[in-house]
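Asker: take a look and give me a structure for this.
(chains A and B)
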Amino acid sequence: DTEVTQTPKHLVMGMTNKKSLKCEQHMGHRAMYWYKQKAKKPPELMFVYSYEKLSINESVPSRFSPECPNSSLLNLHLHALQPEDSALYLCASSPSPGDSNQPQHFGDGTRLSIL
Amino acid sequence: KQEVTQIPAALSVPEGENLVLNCSFTDSAIYNLQWFRQDPGKGLTSLLLIQSSQREQTSGRLNASLDKSSGRSTLYIAASQPGDSATYLCAVSPLPSGAGSYQLTFGKGTKLSVIP
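Answerer: A predicted model of the protein is given here:
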């Protein structure tokens, strides 16, 4: 079982819908990440939160809005998505934002399909 | 810009064989290199992390080596089993520079099939 829990596992939504992806970890990690992975491609970093503050936004369109309400939770709010946004969205965490020698722990992802 | 290449893209071997997966990177100024496993439709599981000062790391039947100067890493899997079937990705982390140290650059992965 993964220590990073993502919900829902699958999500189908229309282009006008608003939905949210949720990620939760209870390992006391202080860095959390959102990645996007298209089929047969490697993960692409979207956002990094360090001590609950957004530290990296990899030029992600504003229709993706991250939120970190506390040190255990990370949300990704979705609005007016496009069909090309269909992908596997992965959440990850690592112990310390300042130490990249600690491996990132990944959730199993949310499979998002945009109709 | 760092680029990570993994060869081969796919590999099929009979059960019990030893095998090697290759990873190369263009910029040798890395902080560490990680090998991940990804099962279909699942997230990534970290297998081994090699710091830039290390030459290799071992975990069970897995051994990863790093030659930073030549920009290469290998993942050796001994006595392969059908349960090893998955996609294996390598990723490099740049030298710490504030926020930039978080970003992993991934290869496209090697899809391994171990045939019973």
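Asker: could you look up the SS state of the spatially most central residue of chain A?
Answerer: Central residue of chain A (Cα atoms, centre = their mean): residue A:34, 2.9 Å from the mean position. The assignment at residue A:34 comes out as strand when based on DSSP: H, G, I helix; E, B strand; the rest coil.
Asker: contacting residues around it?
Answerer: Under the criterion of Cβ atoms under 8 Å, 6 or more residues apart in numbering or on different chains, the contact list for residue A:34 reads A:23, A:45-47, A:66, A:74, A:76, A:89-91. C-betas here are computed from N, CA, C, even on glycine.
Asker: off-centre distance for the helix or strand of chain A with the lowest mean pLDDT?
Answerer: Averaged element by element with mean pLDDT, DSSP states H and E, chain A has its least confident helix or strand at strand A:53-57 (a mean of 88). Average the C-alpha atoms of strand A:53-57, do the same for its chain, and the two points are 12 Å apart (Cα atoms, centre = their mean, to the nearest Å).
Asker: pull up the pairing partners for it, direction included.
Answerer: Each strand that pairs with strand A:53-57, with its direction, by DSSP bridges: strand A:44-50 (antiparallel).
Asker: picking up where we left off before, what bridges to the residue nearest to the centre of chain A?
Answerer: For residue A:34, the beta-bridge partners under DSSP bridges are residue A:47, residue A:91.
Asker: repeat for residue B:75
Answerer: The partner residues for residue B:75, given DSSP bridges, come to residue B:21, residue B:64.
Asker: hmm, it is touching residue B:50, no?
Answerer: No - contact status for residue B:75 versus residue B:50: not in contact, 10.2 Å apart, counting by Cβ atoms under 8 Å.
Asker: residues shared between the contacts of those two?
Answerer: Residues touching both residue B:75 and residue B:50 (Cβ under 8 Å, 6+ apart) are residue B:64.
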